[in-house]
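Novice: Predicted model and sequence follow; I will ask about them next.
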Amino acid sequence: MTSPVLSDPEKTGIDRIEDPLLNKGTAFTPEERQKYRLLGLLPPHIDSLEEQVVRAYDAFSAEETDLDKHIFLRELQDENETLFYRLLLEHVAEMMPIVYTPIVGKACEEFSHIYRRARGVFVSYPDRELMDDILSHVDREIDVIVVTDGERILGLGDQGAGGMGIPIGKLSLYSLCGGIHPARTLPMLLDLGTNNAERIDDPRYIGWRHERIKGAEYDNFIEQFVEAVMKRFPNVLLQWEDFASVDAERILKKYRDRLCTFNDDIQGTAAVTSGTILAAIQSAGGKLADQRFVMLGAGSAGVGITGQLVGSIVASGKSEAEARDMFYVIDRNGLLHDGRTDLDEVLMPLAQKQANLAGWDCDTKGSISFADVVRNAKPTVLVGATGQQGAFTEAIIREMASHTERPVIFPLSNPTSHAEAIPADLLKWTDGKARIATGSPFDPVEYNGKTHVISQCNNSYIFPAMGLGILAAKANRVTDGMFTAAAEALKECSPALADPTAPLLPPLSKIRDCARHIGIAVARQAQQDGVAQTTVAEELEKRIDQTMWTPQY
Ligand SMILES: O=C([O-])CC(=O)C(=O)O
Ligand SMILES: [Mg+2]
């Protein structure tokens, strides 16, 4: 597509070189060097983009640690976005874990130490009355904002203003995987303080040194923020990322009918997980309606995944009550059931009926433990979204495998150090039978002479594609149906449907094709749900292709 870059097209001299959206570095042609007054400001040799990619890759490879590699890529992004994205595109499997999960987690923890240059917008609590001013400093039109308050960064908890690494990383994937032009994206950090003592006590901390603002003041701040965003960018897609789960749920409920918005940790995680589970079940010849699901963890991810799967089961013909009976959701106090008095309105619908538990043989008194649930419910699908390393123990996994031929096991917590189990152990404990997908990337595992490629069941398969579909359809709301369509379309991309021994998800090198396929399904659903401003179905594929940007000069 033609570039929608809104930076001044007539910028000249060093200003042009210093604008990462306009800079071509050594690839400026002789004519451009004349036209933009660049003569002498660049070395005489003129590179092609391909040559620049080779040089950048050499420099990337020379960096020793993954964090250094992350810093290198972030600096390149701030110098020359076209080159940055072209390099990522050519080395996607190697570089995605560096710009995104899991290394972006380290980058958030270290954000105040590795800070180099401004990117995105910070709104801090003391500046809350100045939000309109702050947003007026963005000199371009924006299609997608990713915003966090930094309170629950991946499985790493409160990182305060260092959480900015996440919106930056997520939006890089919008451009890399979904082809959204980088000039049209805006990372934002709402700085409401931090309760992370290590950050506050760090003399280098770049955020507001204050304990977190909560309660009505927090909600008022969010309201002011949403109003300011809607005023400055009325058609923007606003993605909420890595908020504490209670806030995430409340905010989503409050705003989803007011603007075009979704929460990635609830809805994106839910769609990618259910799409991958659907692929695992179908590739093993099973039926969705015959499964029993155990969800370990009842935070935003556990709640969202359960809701999404219930939706798919209902769509396949069961009643909602029948569908809910198939789920056993566990939080830190054990199985959620309707005899518990500590469940809020979000968790109560996920509670099992005590009547269904009659005859269960439990080791624990009072609460019903994870081990009790697995022994009695005999799950066919086990999902971990706890943030707790090692929560899937050998005994529990062996128990599960003794009841089911193809156990589907997804340790989703990230970064890598927080995974509920590592794939090599899961294959060992299930005698190679487990169908595994993880939240963070893992290397392939050799087991009994067979290589198992481990799919990364990560939101990155969904959110860039959602953005693409939403922009192409000019949707003004994000419906549940659009996520169900995304999950179904992701399933259709699974290599395992044609070959049951193949990985559950397409390789990262195919993620753009997959995003295109999902984007079309999402856009079509937006039209069906009456939230799209475009109505001609035949035009959608064309619009998707026009929306997808490819990094080239
Ligand atoms: O970023 C990821 O890899 C997935 C995600 O949204 C989270 O864990 O919060
Ligand atoms: Mg997240």
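Specialist: Cool, got the structure. Numbering: from 1, shown residues only. Ligands and ions are numbered 1, 2, ... in the order given.

Novice: Could you tell me which residues make contact with residue 164?
Specialist: Going by C-beta atoms under 8 Å, 6 or more residues apart in numbering, residue 164 touches 108, 111, 120, 122, 148, 150, 187, 189. From N, CA and C alone the C-beta is placed, and that goes for glycine too.

Novice: Take the residues you listed and lay them out in JSON lines including secondary structure and neighbour count.
Specialist: Below are these laid out as JSON lines (DSSP: H, G, I helix; E, B strand; the rest coil; neighbours: other C-beta atoms under 10 Å):
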{"residue": "108", "secondary structure": "helix", "neighbour count": "27"}
{"residue": "111", "secondary structure": "helix", "neighbour count": "27"}
{"residue": "120", "secondary structure": "coil", "neighbour count": "17"}
{"residue": "122", "secondary structure": "strand", "neighbour count": "17"}
{"residue": "148", "secondary structure": "strand", "neighbour count": "27"}
{"residue": "150", "secondary structure": "coil", "neighbour count": "32"}
{"residue": "187", "secondary structure": "strand", "neighbour count": "23"}
{"residue": "189", "secondary structure": "strand", "neighbour count": "27"}
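
Novice: Where does pLDDT dip in the stretch 151-300 of the chain?
Specialist: Across the stretch 151-300 of the chain, nothing is flagged by pLDDT under 70.

Novice: rerun at 90
Specialist: 155, 245, 300 (pLDDT under 90).

Novice: gap between the residue of the stretch 1-150 of the chain at minimum distance from ligand 1 and residue 181?
Specialist: Using C-beta to the nearest ligand atom, the single residue of the stretch 1-150 of the chain nearest to ligand 1 is residue 101, 3.3 Å away. From residue 101 over to residue 181 the distance is 23 Å, taken as C-beta to C-beta, to the nearest Å.

Novice: one step back: is it true that the residue of the stretch 1-150 of the chain closest to ligand 1 touches residue 438?
Specialist: No - taking contacts as C-beta atoms under 8 Å, residue 101 lies outside contact range of residue 438: 10.3 Å.

Novice: Give me the common contacts of the two.
Specialist: Common neighbours of residue 101 and residue 438, counting by C-beta under 8 Å, 6+ apart, are residue 414.

Novice: just the helices in the stretch 251-400 of the chain please.
Specialist: In the stretch 251-400 of the chain, the helices defined using DSSP state H, counting those that start in this stretch lie at 269-283, 300-315, 320-325, 370-377, 394-401.

Novice: does the first one come close to ligand 2?
Specialist: No - for helix 269-283 and ligand 2, the contact criterion (C-beta under 5 Å from the ion) is not met; the two come no nearer than 7.4 Å.

Novice: Now that helix - C-alpha only, CSV.
Specialist: Extracted in CSV, the C-alpha atoms of helix 269-283 (Å, rounded to 0.1, in the frame of the first residue of the first chain):
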residue,chain,number,x,y,z
THR,A,269,-5.7,-15.1,25.0
ALA,A,270,-9.1,-16.7,25.0
ALA,A,271,-9.4,-16.8,21.2
VAL,A,272,-5.9,-18.1,20.6
THR,A,273,-6.2,-20.8,23.2
SER,A,274,-9.7,-21.9,22.1
GLY,A,275,-8.6,-21.9,18.4
THR,A,276,-5.6,-24.1,19.3
ILE,A,277,-7.7,-26.4,21.5
LEU,A,278,-10.2,-26.8,18.7
ALA,A,279,-7.3,-27.7,16.4
ALA,A,280,-5.9,-30.2,18.9
ILE,A,281,-9.3,-31.9,19.4
GLN,A,282,-10.2,-32.0,15.7
SER,A,283,-6.8,-33.3,14.7
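
Novice: which strands and helices sit next to it?
Specialist: Helix 269-283 sits against helix 300-315, strand 381-384, strand 408-411, strand 435-438, helix 480-492, with contacts defined as 3 or more C-beta pairs under 8 Å, 6 or more residues apart in numbering; DSSP states H and E.

Novice: In it, which residues are buried?
Specialist: Buried residues in helix 269-283, counted by 16 or more other C-beta atoms under 10 Å: 269-283.
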